[in-house]
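Asks: need a 3D model of the following:
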Amino acid sequence: MALPRAQPHVTSAVSTIGIIASAPICGIEWGAWHYDGALFYIFLALGLLALFAPRILASVYLLVAELLGFRIRPRIRPSDSPSSVLTTMQLHFDDPKIQMDGLRSLLASAINEPSKESLLRLGVFRHTVEVLEVYQKYPPLVLRGLQLLLAFVSLPAAKVVVEERGSDFVAPIVRAMQFTLDQDRENQEQADLSTQEEAGLAETKGCTQEEGSQDASLRGRMAKASADVQRVGCMVIGALADGSNDIKTMVVDEGFLQLALEVLHWYQLHEGVSEWVLWSIFNTTFAHASNKVELHRKGGLVDVISAMKRFQDALRVQQHGMGILYNCLMVDVKLDVSSMRKAALSHGLKAALESAVEKHGTAKIVESMATAMLREVH
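Replies: Numbers count the residues shown, from 1 in each chain. Predicted coordinates:
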């Protein structure tokens, strides 16, 4: 059986206690020489181990504790170095609290580009993706992991890692987002189905209105956590895809476009989610002919127009939506855009463009793209 690896604070505590406890006992035994000095040699050995090999002594202590059925939960302290935090997370990968505390500590360490590059070299990026893969059923943990990934995606070295490792990095992110979305939909459907039943039980058992509001509050927090996962996840995917055709191909192959459209529909009244979904779609389709075709094939242009109609006063929604439409509908020598234009026109493209110009005409990029499409697309 391998010895468990002790954390620094455990090693320090065992070393200090070992020295303090063994020194006086050795002194007494030296003077009294009881039991032919056996106790003296035992505590002398423990004292020397505590002084010169505290990690071995601490590991033996942890092993004995585990054999006796005691589980000593390690702690991640603010003073721990990133390498120590990552080691603790790797040694206790089956503990979600350790992963959550570790991700929080590492995120606090990613304060500037040099620190982010240092964390990337340590393997934090890879470990975070592994956390998403294993703990996709825990939305708060998924959200924390995505927030940490977001700190890395602007680094060119991070994109190189993703391009080299391929879907091993992209797929866990998409799967975690998909699982969270499915879980939120299932929770909402169950809540809708049980509303009348709960109302009947409340009358029968005398449940208070306060208890019902607590349940609703819990469901609201879960829905918000899921929405945040989708929002930050789209930010991560969009940033990774920006400027890399290889990553654009990867994310679409892993089903991201389909997921993004499902998110756009499910959170259709959530402006913040819609904004970043549209931004990620723009980045994954920009200057990528096959991804444009895939977006059109899935009915994505219609969904984009619908989102622009829902949030006519939201400038960023209009900008990102306009970018997608301009990217797909204007002349592309690699594509026959006639079918795309026909689908968009039949679902209110002209009205959406005119509304955008009316409400955001002072935004030059919106006005110029809308004017060009109104002139060319017919």
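Asks: which parts of the helix or strand Glu130 falls within are buried?
Replies: Take DSSP states H and E as the rule and Glu130 turns out to sit in helix 124-134. Judged by neighbour count using 16 or more other Cβ atoms under 10 Å, the buried positions of helix 124-134 are 124-125, 127-132. To be clear about C-beta, it is placed using only N, CA and C from the backbone, and glycine gets the same treatment.
Asks: now swap in stretch 295-310 and tell me
Replies: Those would be 295-296, 300-308, for stretch 295-310 by 16+ other Cβ under 10 Å.
Asks: cool, and stretch 158-177?
Replies: In stretch 158-177, counting by 16+ other Cβ under 10 Å, buried: 158-159, 161-162, 169-177.
Asks: now, those that are in helices?
Replies: 158-159, 161-162, 169-177 (DSSP state H).
Asks: related to what we said a few turns ago, show me what whatever helix or strand comes next after the helix holding Glu130 is packed against.
Replies: Following helix 124-134 in sequence order, the next helix or strand is helix 139-152 (DSSP H and E). Packed against helix 139-152 by the contact rule (3 or more Cβ pairs under 8 Å, 6 or more residues apart in numbering; DSSP states H and E) you find helix 96-109, helix 113-122, helix 124-134, helix 167-205, helix 209-241.
Asks: per-residue confidence for the closest residue in space to Trp276 that isn't next to it in sequence?
Replies: Computed as Cβ to Cβ, 6 or more residues apart in numbering, the closest residue to Trp276 that is not its neighbour in sequence is Cys234, at 4.3 Å. Looking at Cys234, its pLDDT is 98.
Asks: what sits against the residue positioned nearest the centre of the chain?
Replies: In the chain, the residue lying closest to the centroid (Cα atoms, centre = their mean) is Leu146, at 2.0 Å. Leu146 makes contact with 132, 173, 176, 229, 232-233, 236, according to Cβ atoms under 8 Å, 6 or more residues apart in numbering.
Asks: among the buried residues of helix 124-134, which two are most distant?
Replies: Val124 and Leu132 (12.8 Å; Cβ to Cβ).
Asks: ok, Met308 - contacts?
Replies: 317-318, 321-322, 352, 355-356.
Asks: please apply the same query to Ala363.
Replies: 315, 318-319.
Asks: please report how far it lies from Lys309.
Replies: 18 Å (Cβ to Cβ, to the nearest Å).
Asks: go on, Ile247?
Replies: On the measure of Cβ to Cβ, Ile247 and Lys309 end up 31 Å apart.
Asks: and what of Gln147?
Replies: For Gln147 relative to Lys309 (Cβ to Cβ), the value is 31 Å.
Asks: same check on Lys359?
Replies: For Lys359, the distance to Lys309 - Cβ to Cβ - is 12 Å.
Asks: redo the buried residues of helix 124-134 as JSON lines? Include pLDDT.
Replies: Output for the buried residues of helix 124-134, formatted as JSON lines (pLDDT from 0 to 100):
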{"residue": "Val124", "pLDDT": "96"}
{"residue": "Phe125", "pLDDT": "94"}
{"residue": "His127", "pLDDT": "96"}
{"residue": "Thr128", "pLDDT": "97"}
{"residue": "Val129", "pLDDT": "96"}
{"residue": "Glu130", "pLDDT": "96"}
{"residue": "Val131", "pLDDT": "97"}
{"residue": "Leu132", "pLDDT": "96"}
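Asks: now flag whichever of the contacts of Met308 is closest to Glu189.
Replies: Val317 (27.1 Å).
Asks: now the closest one. Nearest residue, chain neighbours left out?
Replies: Val317's closest residue in space is Phe311 (Cβ to Cβ, 6+ apart), at 4.2 Å.
Asks: contacting residues for the one you found?
Replies: Per Cβ under 8 Å, 6+ apart, neighbours of Phe311: 271, 274, 317-318.
Asks: what's the pLDDT at the residue lying closest to Val252 once chain neighbours are set aside?
Replies: Spatially, and ignoring its direct neighbours in sequence, Val252 is nearest to Asn291 (5.2 Å; Cβ to Cβ, 6+ apart). Note on Asn291: pLDDT of 95.
Asks: now do stretch 175-189: distance to the chain's middle.
Replies: 15 Å (Cα atoms, centre = their mean, to the nearest Å).
Asks: returning to that earlier point: in ChimeraX, how would I select just the buried ones from the contacts of Phe311?
Replies: This is the ChimeraX syntax for the buried subset of these, where burial follows 16+ other Cβ under 10 Å:
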select :274,317,318
